[in-house]
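In: A predicted structure for the sequence below; I have some questions about it.
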Amino acid sequence: MTEIYSEISKLTDRFKKIAKRYTKDKTKINDGVQELLLYFMQMNKDRLKQIYEKDGIEGIVRYGAVALRRSYTSKKSSFYYKYQKYYKNLASPEGSVNCSVRIHSSFNYNKSIYNLAEDIPDVLQWEKLEHIDTELDKLNWYDKELFKLYYYEGNTLDSLAKKTKISRNSLFTTIDKVRTILKNKLNETI
């Protein structure tokens, strides 16, 4: 596996060229490629080895190109949740944070990470995420893991059904149940 990971790391510039098809922002390109490399590190080792043995480096590049396209175009991708949605909320935090107390009447962000320490609404957002994780820990391991696979790893119901061999309808029912529980718990604390 070390050989495969070494070969993938050499493809960084090639993946950056592919990412330029979807955005001209150098930061987004670098973030997207880094997220892709992380994806390769976390993906099923047998699947990665199978792709490499079947098509070599070109197979990895094709797989990476599809993953990059999904990262930049899908709102369910981990890239969207980690970067694009985050920066969108920085640009207009008034619409992204649901709290009754407003410290500042207007926000003027330039998508810089250096001005986050003073951002009280951002702290509230992190508290919500921590609260979600706390509530998830209280749930049955099965419900919690399916929810994490779906939302945190950006799987679709179809891909999750293939990976887990659980029917799509059962997955939907479980994920919807967890989503409803979390919404109710979050509404109690607001």
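Out: Yes, it's here. Residues are numbered from 1 along each chain as shown.
In: mean confidence score for stretch 29-41?
Out: Averaged over stretch 29-41, pLDDT sits at 86.
In: Quick check: buried residues in stretch 158-169?
Out: For stretch 158-169, a neighbour-count test (16 or more other Cβ atoms under 10 Å) marks Leu160, Ala161 as buried. Where C-beta positions appear, they are placed from N, C-alpha and C, glycine not excepted.
In: Give the closest residue to Ile175 in space, chain neighbours not counted.
Out: Tyr150 (5.2 Å; Cβ to Cβ, 6 or more residues apart in numbering).
In: what about the one you found, how many neighbours?
Out: As a burial measure, Tyr150 scores 21 neighbours (other Cβ atoms under 10 Å).
In: now Glu188
Out: Neighbours around Glu188, by other Cβ under 10 Å: 7.
In: Numbering from 54 from now on, please.
Out: New numbering, starting at 54: the last item is Glu241.
In: circling back: just checking, the residue nearest to Ile228 touches Arg221?
Out: No: using Cβ atoms under 8 Å, Tyr203 makes no contact with Arg221, being 11.4 Å away.
In: Spatially nearest residue to the residue nearest to the spatial centre of the chain, not counting backbone neighbours?
Out: For the chain, the residue nearest the mean C-alpha position is Ser131 (1.6 Å; Cα atoms, centre = their mean). Nearest residue to Ser131, sequence neighbours excluded (Cβ to Cβ, 6+ apart): Gly207, at 4.6 Å.
In: gap between the longest helix along the chain and the chain center?
Out: The longest helix of the chain (DSSP state H) is helix 98-126. With Cα atoms, centre = their mean, to the nearest Å as the basis, helix 98-126 stands 18 Å off its chain's centre.
In: so what does that helix touch, helix or strand wise?
Out: helix 55-62, helix 65-72, helix 79-95, helix 131-132 (3 or more Cβ pairs under 8 Å, 6 or more residues apart in numbering; DSSP states H and E).
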